[in-house]
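Visitor: Here you go, sequence then predicted model.
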Amino acid sequence: MSLFGFGKKTQIEEAPSAPSSLLSLSSPLEAGKVHEETVFYTMPAKFLTPEAPPFWTSGKIWAIVVVLAIGVVGAVYLLLASAKPPTANNASNTISSASPKPSTPESPAPSPTEPPSSLPLTNEPAAPAAPTEPSPNEPAPAAPPPAVQLPSSVDADADGLTDAEELLYGTSAAKPDSDGDGFADKQELTNGYNPAGSGRLLDSTLVKTYTSATKPQFSINYPSAWSVERSSEGEVIRFIASPDEFMSVDLQPNSENLFLLDWYKKIFTTADIAAVATETVGKHVGIFSPDRQTFYFIDSDNPAKVFVVSYNSGTKTELNYRTAFELLIGSITPAR
């Protein structure tokens, strides 16, 4: 009993003994004191909520990668499938080193209103375009005569007349000036004089004059030794010099009244016009063919016709009558 207890008893409660596990972790309890203790309780495992697994697992990541890869491949395929096929020009410029395999190229569907010109509308082969028929009054376009010029045959006295022409005009093949008048035989013939005697050539018996029945009408002088043939229509006249050689005169239509060079270009479409030049034979200005065996000219009073004078040499490799041919051209006189 305490001195100041006023006779009351104070019950001192004895603290319960601590568990041995706690005693080992705290200081010794002081006698007579009350201690409060915090007690932790652990819930049994079966009552605990299990921890949630992580969302981004490796399986999900691989699944997403696979889906994205499939999407990319599909997009590339759609782009390639919808791309336009290469044009014909690009395809023709590509050369494959491997042997080509037969395949049917895809082509865009033709427009219903304007089908491609390169694709036939039906399976039937396209009919070839009908050739343009020349006007019955116009000569058909043709290739110009060959450019090879045949040489003249032997000229023993080198006076410009072949030995065959010397015989034709009665001159000497051994003398350039057969009649000794101071003028060469060819010079006299070109100027219309008799090379074997005096006077004009027309007054001699060496040449004859032929008058055509054509329109326009014309006259022409030819060697007396030659014969004359005329076509049934009378449009073509032939002067026969030998079995292999003859001269012809033909009148070709020029319904558009073209200038000679324009007419020549229209008829001979492949001719090199830049190389074509006009020449004067007698009083006629015209064009020689490249082989110089055809001469073309237009009479100014009759522009609707073109005179075509030709030297037909057959299989000859030399020309016997080149000077006689030019004399024939120069003698043509259209009627006035």
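Guide: It's in. Numbers count the residues shown, from 1 in each chain.
Visitor: all contacts plus neighbour counts: C-alpha atoms, from now on.
Guide: Fine.
Visitor: Residues touching stretch 174-194, excluding its own?
Guide: 156-161, 171-172, 195-197, 199-202, 204, 327 (Cα atoms under 8 Å, 6 or more residues apart in numbering).
Visitor: The nearest residue to residue 282 once chain neighbours are set aside: neighbour count?
Guide: Distances taken as Cα to Cα, 6 or more residues apart in numbering place residue 330 nearest to residue 282, at 4.0 Å, with adjacent residues excluded. Neighbour count for residue 330, taken as other Cα atoms under 10 Å: 17.
Visitor: What distance do you get for residue 330 to residue 77?
Guide: Using Cα to Cα, to the nearest Å, residue 330 is found at 83 Å from residue 77.
Visitor: do residue 324 as well
Guide: 84 Å.
Visitor: Also residue 262?
Guide: 62 Å.
Visitor: Then residue 195?
Guide: Taking Cα to Cα, one finds residue 195 at 96 Å from residue 77.
Visitor: These two: which has the busier surroundings?
Guide: residue 195 (28 against 12).
Visitor: can you pull the contacts of the more buried one?
Guide: 169, 171, 177-179, 184-186, 188-189, 201.
Visitor: residue ranges with poor pLDDT in this protein?
Guide: Counting by pLDDT under 70, the low-confidence segments of the chain come to 1-56, 83-146, 234.
Visitor: what about the strands in it?
Guide: Ranges of strands within the chain are 207-211, 218-223, 227-230, 236-240, 246-253, 278-281, 284-288, 294-297, 305-312, 333-334, based on DSSP state E.
Visitor: so of these, which one's packed in deepest?
Guide: strand 294-297 (a mean of 23; mean count of other Cα atoms under 10 Å).
Visitor: which other helices and strands contact that one?
Guide: strand 284-288, strand 305-312 (3 or more Cα pairs under 8 Å, 6 or more residues apart in numbering; DSSP states H and E).
Visitor: which two from the contacts of residue 195 end up farthest apart in space?
Guide: 177 and 201 (15.4 Å; Cα to Cα).
Visitor: Wait, residue 305 touches residue 250, no?
Guide: No. With contacts counted by Cα atoms under 8 Å, residue 305 stays clear of residue 250, the gap being 9.6 Å.
Visitor: Now do the contacts for residue 155.
Guide: Per Cα under 8 Å, 6+ apart, neighbours of residue 155: 161-163, 173.
Visitor: Which of those residues fall within helices?
Guide: residue 163 (DSSP state H).
Visitor: now the contacts of residue 155 in JSON lines, with neighbour count?
Guide: JSON lines is the format used below for the contacts of residue 155 (neighbours: other Cα atoms under 10 Å):
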{"residue": "161", "neighbour count": "30"}
{"residue": "162", "neighbour count": "23"}
{"residue": "163", "neighbour count": "21"}
{"residue": "173", "neighbour count": "21"}
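Visitor: Dump the contacts of residue 155 into TSV; add distance to residue 255 as well.
Guide: Shown next, in TSV, are the contacts of residue 155 (distance: Cα to Cα, whole Å):
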residue	distance to residue 255
161	39
162	40
163	42
173	46
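Visitor: Output the longest helix belonging to the protein.
Guide: helix 58-82.
Visitor: Give me the helices and strands touching that helix, please.
Guide: Looks like helix 58-82 contacts no helix or strand (3+ Cα pairs under 8 Å, 6+ apart).
Visitor: Show me what counts as buried in it.
Guide: By neighbour count with 16 or more other Cα atoms under 10 Å, helix 58-82 contains no buried residues.
Visitor: List the contacts of it.
Guide: Counting by Cα under 8 Å, 6+ apart, no residue sits against helix 58-82.
Visitor: ok, now stretch 242-257?
Guide: So stretch 242-257 is contacted by 137-139, 235-241, 263, 303-316, 325 (Cα under 8 Å, 6+ apart).
Visitor: can you tell me how far residue 186 sits from residue 240?
Guide: 22 Å.
Visitor: actually residue 205, not the one I wrote
Guide: 18 Å.
Visitor: next one: residue 184
Guide: From residue 184 to residue 240 the distance is 27 Å (Cα to Cα).
Visitor: sorry, back to before: wait, isn't the residue nearest to residue 282 in contact with residue 279?
Guide: No. In this structure residue 330 lies outside contact range of residue 279 using Cα under 8 Å: 11.8 Å.
Visitor: wait, what's in contact with residue 304?
Guide: 253-257.
Visitor: Make JSON lines from those and add distance to residue 220 to it.
Guide: Output for the contacts of residue 304, formatted as JSON lines (distance: Cα to Cα, whole Å):
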{"residue": "253", "distance to residue 220": "20"}
{"residue": "254", "distance to residue 220": "22"}
{"residue": "255", "distance to residue 220": "24"}
{"residue": "256", "distance to residue 220": "26"}
{"residue": "257", "distance to residue 220": "24"}
